[in-house]
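Asker: A structural model of the following input is requested.
(2 chains)
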Amino acid sequence: MAMTMTQKILAAHAGLDEVVAGQLIEAKLDVVMANDITGPMALPIFKQMADKVYDKDAVLLVPDHFTPNKDIKSAENSKAIREFSFEQGLTHHMEQGKCGVEHAILPEKGLVVAGECIIGADSHTCTYGALGAFSTGVGTTDIARGMATGESWFKVPSAIKFNLTGTLNPFVSGKDVILHIINMIGVDGALYRSMEFVGDGVAALTMDDRFTICNMAIEAGAKNGIFPVDEQTIEYLNEHTTKEWKAYEADEDAQYDEVYDINLNDIRPMVAFPHLPGNGHTIDQVEADEKIYIDQVVIGSCTNGRMSDLRKAAAILKGQTVHERVRVMVVPATPKIAIQCIKEGLAEIFIESGCAFNTPSCGPCMGGHMGVMAKGEKCVSSTNRNFVGRMGDTQSLIYLASPETAAASAIAGYIANPEKFGGNK
Amino acid sequence: MKAQGTVLKYGDNVDTDVIIPARYLNSFDAKELATHAMVDIDPTFVERVQPGDIMVAGKNFGCGSSREHAPLCLKTAGVSCVIAKSFARIFYRNAINIGFAILECEEAADDIEEGNQVAIDFDSGIITNLTKNKQYQAQPFPPFLQKMISENGLVNYVNNQKGNK
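Answerer: Okay, the predicted model is just below:
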């Protein structure tokens, strides 16, 4: 029976020659990750099943959501996973100031690689599909069991194939691709299923584009998003990891529930209006209507806080001034990215233009801290969710967009077309 | 297993950020979380909900974050079951893992109205609307998940497996 790329990875980790969609399996896990929100809650559950983690190299606890700790309770939570990490002797101890956002730091440190089966107690764990891994978000009890036994149960997903062709135009990036796709298939369009991205167009997408696209697979309801391993992936893995990795390919005759052909040349800068990531509009539709004036801009997160994101945002903000009615939070996703921003002069560009340049954290994305909104305020954000109350008051509004659209909007004071604010305008 | 209660009805795509907003996630104390359940789309929920009440919603219930705090706070608030057209996959797993009853039934989700009295027989998957005197058949769980539910969640399932090895 022909298998998709995801099915092949799951079969290998279940010790089976083949699996079929709908089959329930127990699979071995290569990486088990939790953060300062989901980790502390998992510890008492873990202790009902085991005293020691199944593999000190494979269990990762990343304090990134409410860090630097925003209040006493979050400090207690960070303390709980910190003490557990030392007590268990975890190989990769993570700490504020040294780690950053989980879904950026794991690939950067080479802790997740192609061919692996990974679970994380965070819905955006699907990010690592960009490297050709099966990677999915789970809850606290699942992660506690994963930490204890190195196994998890899965229902083998069927898949949707996205056949990509062409290349992206300037000022269009992975964020626009995924917002376009979610707008097309809906926020439950890939529910329980894999999103497999294939075709000649894959080569035209940078690794950062692929991370962004897989990161938001969950916003279409998907179990995972996945890219094939190509030259760029291999180059990335060679640069970042010493772990063994394996490339899997879908069978040519693998079955897909649906196939979409997407020409990357046709994709426009996209903006997802409140309150769903699927509520996408092209920048042309936005420009045709009355201007949407904004109060805040966020550039960062596991979706778009990587080096190329910040370079693109800085290229637009260079020599410009953030609008007097707008405040901007720039949040590099990892310390390494922050240092690179300083070395390349991007930090100076952000700060001189009037942005707050913050320490790596999930920060304002989930309304925890570092940019919480008041009633009636509007934000253009490079993050992943625009749900009611996600970034503050229930009557605040989030518009999701690329770092470039966010940067252009910061200057304009309203949701603006990056093509008209970009470097060579 | 059976449940009976008054229905609280919601629409499509009820996300985990509204079930339990992130600003309350500095705690995982179930009782404390339950005092904030649904606050961002229904500030009256916590006052109205009675032990045994049943939530009925549209498609993609529980979409968004992986926070297990979401099913936990609804369970602790007294909700006996959520009936929806479909569930987001992480919420679905989390609910089963903590022994919180959920059922997928498109017909029931469409037909049942706010305030209806509903009874559920989990063994047969039959949902009875006592107000409208109608019955609906929910999708049965696969046997593997039925076993996990009957063992009252994932922790017991894992510990029982260890015992069998």
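Asker: Which residue is the nearest non-sequential neighbour of the residue nearest to the spatial centre of chain B?
Answerer: The C-alpha lying nearest the average C-alpha coordinate of chain B belongs to residue B:82 (Cα atoms, centre = their mean; 3.3 Å). Spatially, and ignoring its direct neighbours in sequence, residue B:82 is nearest to residue B:55 (4.5 Å; Cβ to Cβ, 6 or more residues apart in numbering or on different chains). No exception for glycine: its C-beta is placed from N, CA and C like everyone else's.
Asker: any weak-confidence spans in chain B?
Answerer: Along chain B, the model assigns pLDDT under 70 to residues B:164-165.
Asker: List the buried residues in the longest helix seen in it.
Answerer: Assignment by DSSP state H gives helix B:154-164 as the longest helix of chain B. Going by neighbour count (16 or more other Cβ atoms under 10 Å in any protein chain shown), the buried part of helix B:154-164 is B:154, B:155, B:157, B:158.
Asker: same deal with stretch B:131-140?
Answerer: By neighbour count on 16+ other Cβ under 10 Å, the buried set for stretch B:131-140 is B:136, B:138.
Asker: just stretch B:66-86 next, same as before
Answerer: B:66-77, B:79-86.
Asker: any idea how far residue A:143 lies from chain B?
Answerer: 9 Å (Cβ to the nearest Cβ, to the nearest Å).
Asker: any idea which element that residue lies in?
Answerer: Assigned by DSSP states H and E, residue A:143 falls within helix A:140-149.
Asker: tell me what that helix is packed against?
Answerer: Judged by 3 or more Cβ pairs under 8 Å, 6 or more residues apart in numbering or on different chains; DSSP states H and E, helix A:140-149 is in contact with strand A:31-35, helix A:39-47, strand A:117-120, strand A:151-155, helix B:89-97, helix B:154-164.
Asker: Let me know the secondary structure of residue A:219.
Answerer: Classification of residue A:219 by DSSP: H, G, I helix; E, B strand; the rest coil places it in helix.
Asker: Give me the local confidence score for it.
Answerer: In this model, residue A:219 is scored at 98, pLDDT.
Asker: try the one 10 residues further on
Answerer: Per-residue confidence (pLDDT) for residue A:229: 98.
Asker: Next, give phi and psi for it.
Answerer: With angles defined as degrees, to the nearest 10, residue A:229 sits at phi -80, psi 120.
Asker: And residue B:61, by the same measure?
Answerer: phi -60, psi 130.
Asker: And the one 5 residues further on, by the same measure?
Answerer: Dihedral angles of residue B:66 (phi, psi; degrees, to the nearest 10) stand at phi -90, psi 0.
Asker: any idea how far it lies from residue A:269?
Answerer: From residue B:66 across to residue A:269, the span is 29 Å (Cβ to Cβ, to the nearest Å).
Asker: Can you tell me which of the buried residues of stretch B:66-86 end up in strands?
Answerer: B:81, B:82, B:83, B:84 (DSSP state E).
Asker: which among those residues gets closest to chain A?
Answerer: Minimum distance to chain A across those is 11.1 Å, recorded for residue B:84 (Cβ to the nearest Cβ).
Asker: Kindly state the beta-bridge partners for the closest one.
Answerer: Note on residue B:84: beta-bridge partners by DSSP bridges are residue B:57, residue B:104.
Asker: At which residues are the strands of the stretch 151-300 of chain A located?
Answerer: For the stretch 151-300 of chain A, the strands defined by DSSP state E, counting those that start in this stretch occupy A:151-155, A:159-165, A:194-198, A:224-226, A:258-263, A:270-272, A:280-282, A:296-300.
Asker: Switch those strands over to CSV, and while doing so, append mean neighbour count and distance to residue A:416 to every line.
Answerer: Below are the strands of the stretch 151-300 of chain A laid out as CSV (neighbours: other Cβ atoms under 10 Å in any protein chain shown; distance: least, Cβ to Cβ, whole Å):
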stretch, mean neighbour count, distance to residue A:416
strand A:151-155, 21, 43
strand A:159-165, 22, 27
strand A:194-198, 26, 29
strand A:224-226, 30, 29
strand A:258-263, 14, 25
strand A:270-272, 27, 10
strand A:280-282, 20, 13
strand A:296-300, 30, 11
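Asker: okay, these in CSV with distance to residue A:141 and mean pLDDT next?
Answerer: Formatted as CSV, the strands of the stretch 151-300 of chain A follow (distance: least, Cβ to Cβ, whole Å; pLDDT from 0 to 100):
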stretch, distance to residue A:141, mean pLDDT
strand A:151-155, 11, 95
strand A:159-165, 26, 98
strand A:194-198, 23, 98
strand A:224-226, 20, 98
strand A:258-263, 32, 98
strand A:270-272, 31, 98
strand A:280-282, 34, 98
strand A:296-300, 30, 98
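Asker: could I get these as a markdown table with distance to residue B:126?
Answerer: Converted to a markdown table, the strands of the stretch 151-300 of chain A look like this (distance: least, Cβ to Cβ, whole Å):
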| stretch | distance to residue B:126 |
| --- | --- |
| strand A:151-155 | 24 |
| strand A:159-165 | 33 |
| strand A:194-198 | 33 |
| strand A:224-226 | 34 |
| strand A:258-263 | 33 |
| strand A:270-272 | 40 |
| strand A:280-282 | 40 |
| strand A:296-300 | 48 |
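Asker: CSV for the ones you listed, including distance to chain B?
Answerer: Below are the strands of the stretch 151-300 of chain A laid out as CSV (distance: least, Cβ to the nearest Cβ, whole Å):
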stretch, distance to chain B
strand A:151-155, 7
strand A:159-165, 14
strand A:194-198, 11
strand A:224-226, 10
strand A:258-263, 17
strand A:270-272, 13
strand A:280-282, 15
strand A:296-300, 14
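Asker: and chain B, which residues reach chain A?
Answerer: For chain B, the contact set with chain A under Cβ under 8 Å from any Cβ of the partner chain comprises B:13, B:15, B:17-18, B:21-23, B:25-28, B:40-41, B:59-60, B:63-69, B:86, B:88-90, B:93-94, B:97-98, B:142, B:144-145, B:153-155, B:158-159, B:162.
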